[in-house]
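1. build me a model from this:
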Amino acid sequence: MKLKKDTLKSNKEKFSKEKLVSSSKYIEKRDLLQVLLEENKEYCFQDVDSYINEFLKRKVN
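-> So this is what the prediction gives:
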């Protein structure tokens, strides 16, 4: 089982901030992604979804 989990983790496709911001999947969250994501880093969809959810669940002061 451990081998399968490691294989699944390594098969996550990663994308640049530019590609994610311009994707149709995140069309309604483009402004948020501009703020949350770093320029020279790549992200998988799971990471991006997690960042978005964490941000939206934050408590407003």
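
2. what residues sit buried inside the longest helix anywhere in the chain?
-> In the chain, taking DSSP state H as the definition, the longest helix is helix 45-57. Across helix 45-57, burial judged by 16 or more other Cβ atoms under 10 Å covers Asp47, Val48, Tyr51. Every C-beta, even on glycine, is put in place using the N, C-alpha and C of the backbone.

3. export these as a markdown table, with columns for distance to Asn61 and pLDDT.
-> Output for these, formatted as a markdown table (distance: Cβ to Cβ, whole Å; pLDDT from 0 to 100):
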| residue | distance to Asn61 | pLDDT |
| --- | --- | --- |
| Asp47 | 26 | 95 |
| Val48 | 25 | 96 |
| Tyr51 | 20 | 96 |
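
4. quick one: contacts for the residue nearest the centre of the chain?
-> The centroid of the chain falls nearest to Val48 when counting by Cα atoms, centre = their mean (1.5 Å). With Cβ atoms under 8 Å, 6 or more residues apart in numbering as the criterion, the residues that contact Val48 are Leu20, Tyr26, Leu33, Leu37.
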